[in-house]
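A.B. asks: dropping a prediction and its sequence here:
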Amino acid sequence: MAKQNKAIKISKKHLLGIQDLSISDVNHILSEAKQFIALNKSKNKKIDILRGKTQINLFFEPSTRTQSSFELAGKRLGADVMSMNLSNSAIKKGETLIDTAMTLNAMHPDIIVVRHQDSGASNLLSQKVNCAVLNAGDGRREHPTQALLDALTIIDRKQKIQGLKIAICGDIVHSRVARSNIYLLNMLGAEVNIIAPSNLMPKDIQKLGVNSFSDMKKGLKDCDIVMMLRLQNERMTSSFLSSNREYYEYYGLTPDKLKFAKSDALIMHPGPMNRGIEIDTKLADDINKSVIKEQVELGVAVRMACLKIFCE
Amino acid sequence: MRKKYFLNANIIDPHNSIEETGGLIINEVGKIEAVGKKVNNNNIPSREKYIDLKGKCIIPGLVDMRVFVGEPGFEYKENFRTLSEAALSGGVTSVVTMPNTNPIIDNVSIVDFLKRRGRDKAKINIFPTASLTKNLEGTNMTEFGLLQAKGIVGFTDGYKTIQNTRLMSRIMRSAYDLNCLVMQHVEDEELSKDGMVNDGIISTKLGLQGISELAEKIIIERDLTLLEDFNCRYHISQVSSGKSIDVIKQRKDSVNFTCGVSINNLSLNENDIGDFRTFLKLSPPLRTEEDRQSLIKGVNNDLIDVIVSDHKPEDEEQKRLTFAQASAGASGVETLLPLALELYHNESIKLNKIIKALTSNPAKILKIDKGNLSIGNDADFCIVDINKPWIVKKENLVSKSKNTSIEGRKLQGKVLNTYVNGEELFKI
């Protein structure tokens, strides 16, 4: 199967955002990822297609799931993986992103996975290094592998994305996950509803081709998928909301509110979750409705696909 | 100095309502002796050599009302000598320098230093401003009277805004008593906090914190309301949005004030930021194309009086960063006129109006006798080929900092010679 895909080439050198990808790029990545799902469930999870390749995970912002997912993905493909947490070293010594990039570039990596608190950081990095750059989240801008794994999860459960009605709810303004998902779900033919209090809604979001709602119940009406986002308190520099309990009352996903969506609606969350703030804890764990664990599982497969494709 | 004769020039001097083919005579002490159509071959002594300009333009030397110089404190970005060279190459013969230096220009002793350095190192006329508040802290007023007596032409906190309304009203009262010019950067700093680009679809797409146009509008409305009480000489440093133009239009008849705009906001819009181009991180930010069109209309309708370069030299280290970390501002004193001429070539603004906004209008606001070709005045002027095509390349820029907002832009119009006090100080 893998040989069939050899003919298809990705149109970009780097994976900086969904915005840059064509629909055939996306299908290529998703179909590669599907093949790794089975591998990840088998007893021997390791293959050697990236043997001899060096992967550097450059994380300027703390991360557990994305970083471990990328690390595992690289290792399962046989790459030499080095993870660097720079949230408290080089930057504090005054080194700029470009200098860090040049230093790492001199070590001849084949791929750099980067997460940074500033929007556009991965773009800047990609201009300065010779190898491929995978964006693992830049500020509020994009988190492409998260959107791809979300799409894979939806396809796995619903067999399609075309024609589905998908709600993305929560702290949209600070969310790179929301932006990447909007681009990808739109591209794949879904109807996207964005739900957030006005204080957490980015300006002119409708121009991205979505419907926006400040009333959660209206936004959830007849949705097939309900994607909840984390309240990013660490990015809030002033008062956006009165309290967590009021937020939960109006924007937390509860069984009551979920009734407005379709009866077979699935719940998604990119994690980490704030239980009892944006989502009812029982709903989050409801194996009939929540696919949150599956998202994490498929995340490894998507990242393996991306590493493989962009290393080539 | 020998007398100089220029003939067959297209002379544009809005101050004296001259727009005609004619000549210019500079006397032995560098003053203007005669100007206009009366100066021609017939009244020049035959033994004298003259320069035939063959239809090239002579305009008064530009008065750039908003220039940041790195001296003192940031000489590695720009010093008086490099600023002067850059200005001359763009036909700018007078600049108003901002007080955002290190130390801040907020007391009488530093003004002496500034004037000495300006006199010794710069060949152009330097008109320094001082800060409105001590150390730009926005709490205590500086000594407007004493500073003005030392030669300060106006007061501004540069890229900071007086946030405290009570203080602002007191500043206006003092400025009224002492007949001082107040120049305000109009931005509600709480509303624009952490902002980097215009608040809209571009900020949403790029994931950058936006700056609402309301942050500008609110301060303009507040200041114009305060002005109703004490109408001091008040100048809005730069406007960037159509909403601000609407307010200015409403208030123009009831209060006296003047207003400026940066050439960047007149010539670029938020789409030019593209893929996080930090050289286009500006304050006020570039806004939408509709806003840009409103600003052009504002110049055409005399709601905007002055066009400035907002020259803010930044070294490469301040720009080779992520958008959030990069400094705001663009170097632009030497491209001010050519970029403004683009507005003439694309028929946005009449040539006379552009020159007026670059010469006599700022001089009038500042109450300085510059920006004109009046007889007896210092011969500060430039010769311009308004059709000459060229391409902006940062390596060819004269300024010490190369952070131009228009790298690669194809422009039409270039300064050929610049004269200060009758002396040719720049030649292409």
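C.D. replies: Good, I have the coordinates.

A.B. asks: enumerate the residues of chain A near chain B.
C.D. replies: Residues of chain A lying near chain B by Cβ under 8 Å from any Cβ of the partner chain: A:19, A:96-98, A:116, A:118-121, A:123-124, A:138-142, A:176, A:179, A:202-205, A:207-208, A:237-238. (C-beta placed from N, C-alpha, C; glycine too.)

A.B. asks: restricted to strands, list the residues you listed.
C.D. replies: A:H116, A:D138 (DSSP state E).

A.B. asks: give the buried subset of the residues of chain A next to chain B as a ChimeraX selection command.
C.D. replies: Of the residues of chain A next to chain B, the buried ones go into a single ChimeraX selection, burial set by 16 or more other Cβ atoms under 10 Å in any protein chain shown:
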select /A:96,97,98,116,118,119,120,121,123,124,138,139,140,141,142,176,179,202,203,204,205,208
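
A.B. asks: ok, A:R303 to chain B distance?
C.D. replies: The spacing between A:R303 and chain B, counted by Cβ to the nearest Cβ, to the nearest Å, is 21 Å.

A.B. asks: A strand includes that residue, no?
C.D. replies: No - assignment of A:R303 by DSSP: H, G, I helix; E, B strand; the rest coil gives helix, placing it outside any strand.

A.B. asks: let me know how buried it is, in neighbour terms.
C.D. replies: 27 (other Cβ atoms under 10 Å in any protein chain shown).

A.B. asks: so who does it touch?
C.D. replies: By Cβ atoms under 8 Å, 6 or more residues apart in numbering or on different chains, the contact set of A:R303 is A:S69, A:F70, A:A73, A:G74, A:T145, A:L149.

A.B. asks: per-residue pLDDT of the fourth one, please?
C.D. replies: Per-residue pLDDT puts A:G74 at 97.

A.B. asks: specify the local secondary structure of it.
C.D. replies: helix.

A.B. asks: what's across from B:I236 in the sheet?
C.D. replies: B:Q184, B:C259 (DSSP bridges).

A.B. asks: how many neighbours does it have?
C.D. replies: Per other Cβ under 10 Å, the neighbour tally for B:I236 reads 26.

A.B. asks: please, where are all the helices along the stretch 151-300 of chain A?
C.D. replies: Counting by DSSP state H, counting those that start in this stretch, one finds helices in the stretch 151-300 of chain A at the ranges A:176-187, A:216-220, A:244-251, A:255-258, A:281-285, A:292-311.

A.B. asks: give me the buried positions along the fourth one.
C.D. replies: Buried residues in helix A:255-258, counting neighbours by 16+ other Cβ under 10 Å, are found at A:K257, A:L258.

A.B. asks: what about it, average pLDDT?
C.D. replies: Helix A:255-258 carries an average pLDDT of 96.

A.B. asks: put the alpha carbons of the helix or strand harbouring B:S94 into CSV.
C.D. replies: According to DSSP states H and E, B:S94 maps onto strand B:92-97. Output of strand B:92-97 as CSV, limited to C-alpha atoms (Å, rounded to 0.1, in the frame of the first residue of the first chain):
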residue,chain,number,x,y,z
VAL,B,92,14.2,66.8,3.5
THR,B,93,15.9,69.9,4.8
SER,B,94,14.2,70.3,8.2
VAL,B,95,13.2,67.6,10.6
VAL,B,96,11.3,67.5,13.9
THR,B,97,13.0,65.0,16.2
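
A.B. asks: before we move on, the earlier item: need the winner for burial among the helices of the stretch 151-300 of chain A.
C.D. replies: The highest average neighbour count among those, using mean count of other Cβ atoms under 10 Å in any protein chain shown, belongs to helix A:176-187 at a mean of 25.

A.B. asks: find the centremost residue of chain A, please.
C.D. replies: Centroid check for chain A by Cα atoms, centre = their mean gives A:Q146 as the closest residue, at 1.6 Å.

A.B. asks: isn't it up against A:V177?
C.D. replies: Yes - using Cβ atoms under 8 Å, A:Q146 is in contact with A:V177, at 5.1 Å.

A.B. asks: any shared contact partners between the two?
C.D. replies: A:P270.

A.B. asks: which other helices and strands does the very next helix or strand once past the strand holding B:S94 contact?
C.D. replies: For strand B:92-97, the succeeding helix or strand toward the C-terminus, using DSSP H and E, is helix B:108-121. Where contact means 3 or more Cβ pairs under 8 Å, 6 or more residues apart in numbering or on different chains; DSSP states H and E, helix B:108-121 is packed against helix B:80-89, strand B:125-130, helix B:144-149.

A.B. asks: let's see it at 10 Å
C.D. replies: Using 3 or more Cβ pairs under 10 Å, 6 or more residues apart in numbering or on different chains; DSSP states H and E, the elements in contact with helix B:108-121 are helix B:80-89, strand B:92-97, strand B:125-130, helix B:144-149.

A.B. asks: other residues contacting that helix?
C.D. replies: B:69, B:71-72, B:79-84, B:95, B:97, B:99, B:101, B:103-105, B:124-128, B:130, B:142-143, B:146-152 (Cβ atoms under 10 Å, 6 or more residues apart in numbering or on different chains).

A.B. asks: angle of it against strand B:92-97?
C.D. replies: Calculated by axes from the mean of the first three to the mean of the last three Cα atoms, to 10 degrees, helix B:108-121 forms an angle of 160 degrees with strand B:92-97.
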